[in-house]
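Student: sharing a model prediction with you, sequence too.
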Amino acid sequence: MLLKFARHKFLKIVAVSTSLTMASPWAIGFTQPRIVHAQAGGNECANIVNPLTPEEETYARTAWQYFLNNYQESTGFTNAAGGYPSGTLWDMGNYLMALNAALWLNLIDQGDFDVRLNKFLASLSGLRLFEDSLPNKVYNTANGDMVDYGNNPIERGIGWSALDIGRILAAFHVLRTCHPQYSEWLQSIVDRWAVERSIQDGYMFGATVLEDGQTLPVQEGRLGYEEYAARGYELWGFAVPKALSYEPYKMVEIYGVQVPVDTRRFQETNANNYVVSESYILDGIEFGFLGKQQEFAEKVFEVQRRRYLATGQLTAVTEDNIDGPPYFLYNTVFSNGNAWATITEKNELYPELRSISTKAALGWRYIFPESEYAQQLFQVAQGLMSPDGVVFMRVYMKKLMNPIKP
């Protein structure tokens, strides 16, 4: 159940990669936004069974400070990376989850929450859509323009991402569950989007623009992320049964662990079948593990623990922005036939940039709080936080002791 996320001690807003007034219109040129305020009465989302410890509250405030530091007053959006005014629907979903968590963890009050969410939803409601159907893959967070991944304005847009749509739909569901006064507004946003265009034969499809200008639908999602995003679709009544089916996958043995791996490889599909931590961590925190997700999460965590036991290298892998070329990498358990591959979206290898992910370290600690190994990872993450909202997303393995090569 999604409310599990709101009750859990873990503030999923680990500042990764892991927010005001409304008196006048802003740069995007929208009409005056509606104003929604809190309803009277209790709310189950406020029932935090295990309150934060003082130490955890410090971590939560550090994480929330990232969003404060990267808040765009003009739109109500936040930057996906520090100081860089760009963001995808996935990043927007991250912020909405963070905003909701910040309220229930008493980092902000109801008035601040309402002002921020009103501005965000007003901006989101007015964004131009790719081919007037679905949100573009990425927007300039300062002015709401459709851009490419270099944050360059592009009149037509560059396509849409079904996985990102699934992510924000999951966040919308949390909001309408915990804040029903926003349900109508959220429904109107979803109704404006032609979500059905991103569904074919029970699968989720994104779209890209070819060099000749043609729009090419592309099936999106591999084991882990596919099931996570599909749950967002299903929560809003968009059936994607094949995306939820787990197939096709097989087990690959790594360090004696049978690791679940999608059999659709880059070599045949031009899409990576990476196994990483984040999709399973999100599923556990936000959905409470449905179907096979808990079994698979345990295997993905255990194989990282065993790599540490075998090599002495602390291992917590997932995808992250990095501070230099190629700027975004997937640190994987397994990808396209290779264990522990560090790759780009184009399957280019960067083994020298393998890293420990802060968001993976924090996430595993709260998924498996009794695990000694998860506590070791958490100790590394503790050293990467500062009170001013700077949370280093990773520490490169070459900076740690590596007694045995993988």
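Tutor: Great, that's in hand. Numbers count the residues shown, from 1 in each chain.

Student: from here on, contacts and neighbour counts on C-alpha atoms
Tutor: Fine.

Student: could you list the residues in contact with the longest helix along the chain?
Tutor: What stands out as the longest helix in the chain, according to DSSP state H, is helix 293-311. Under the criterion Cα atoms under 8 Å, 6 or more residues apart in numbering, residues 224, 254-260, 275-277, 280-281, 283-284, 313-316, 333, 364, 373, 402-406 lie in contact with helix 293-311.

Student: distance from that helix to the middle of the chain?
Tutor: 21 Å (Cα atoms, centre = their mean, to the nearest Å).

Student: after that helix, which helix or strand is next?
Tutor: Next helix or strand after helix 293-311 toward the C-terminus (DSSP states H and E): strand 319-321.

Student: how far does that next one sit from the chain's center?
Tutor: 11 Å.

Student: cool, stretch 141-148 as well?
Tutor: Distance, centroid of stretch 141-148 to centroid of chain: 19 Å (Cα atoms, centre = their mean).

Student: just the C-alphas of that stretch, formatted as PDB.
Tutor: Extracted in PDB, the C-alpha atoms of stretch 141-148 (Å, rounded to 0.1, in the frame of the first residue of the first chain):
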ATOM      1  CA  THR A 141      12.800  24.100 -14.600                       C
ATOM      2  CA  ALA A 142      13.200  27.900 -14.500                       C
ATOM      3  CA  ASN A 143      10.800  28.700 -17.300                       C
ATOM      4  CA  GLY A 144       9.000  25.500 -18.200                       C
ATOM      5  CA  ASP A 145      10.400  25.400 -21.800                       C
ATOM      6  CA  MET A 146      10.700  22.100 -23.600                       C
ATOM      7  CA  VAL A 147      14.400  21.400 -24.000                       C
ATOM      8  CA  ASP A 148      16.800  18.600 -24.900                       C
END
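
Student: what mean pLDDT does it get?
Tutor: Mean pLDDT, computed over stretch 141-148, is 98.

Student: and if you look at stretch 194-204?
Tutor: For stretch 194-204, the mean confidence score works out to 98.

Student: what residues sit buried inside that stretch?
Tutor: Within stretch 194-204, the residues scored as buried using 16 or more other Cα atoms under 10 Å are 195, 198-199, 203-204.

Student: turn those into CSV, columns for secondary structure and distance to Asp132.
Tutor: Shown next, in CSV, are the buried residues of stretch 194-204 (DSSP: H, G, I helix; E, B strand; the rest coil; distance: Cα to Cα, whole Å):
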residue, secondary structure, distance to Asp132
Val195, helix, 12
Ser198, helix, 13
Ile199, strand, 17
Tyr203, strand, 22
Met204, strand, 19
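
Student: now Asp145: how far from Gln294?
Tutor: 39 Å (Cα to Cα, to the nearest Å).

Student: of the two, who's got more company?
Tutor: Between Asp145 and Gln294, counted using other Cα atoms under 10 Å, Asp145 has the larger neighbour count: 22 against 17.

Student: contact partners for that one?
Tutor: Contacts of Asp145 by Cα under 8 Å, 6+ apart are 28, 127-128, 139, 153.

Student: wait, Phe328 touches Glu319, no?
Tutor: Yes - under the criterion of Cα atoms under 8 Å, Phe328 makes contact with Glu319 at 7.4 Å.

Student: and the two? Which one has more around it.
Tutor: Legend: neighbour count by other Cα under 10 Å for Phe328 and Glu319, higher for Glu319 (24 against 16).

Student: show me what the more buried one bridges to in the sheet.
Tutor: Residues in a beta bridge with Glu319, per DSSP bridges, are Tyr330.

Student: test for you: state the pLDDT assigned to it.
Tutor: In this prediction Glu319 is given a pLDDT of 92.

Student: likewise for Trp185?
Tutor: The predicted local confidence for Trp185 is 98.

Student: ok, back up a step: out of the contacts of helix 293-311, which end up buried?
Tutor: So, by 16+ other Cα under 10 Å, the buried ones in these are 224, 254, 257-260, 275-277, 280-281, 283-284, 313-316, 333, 364, 373.
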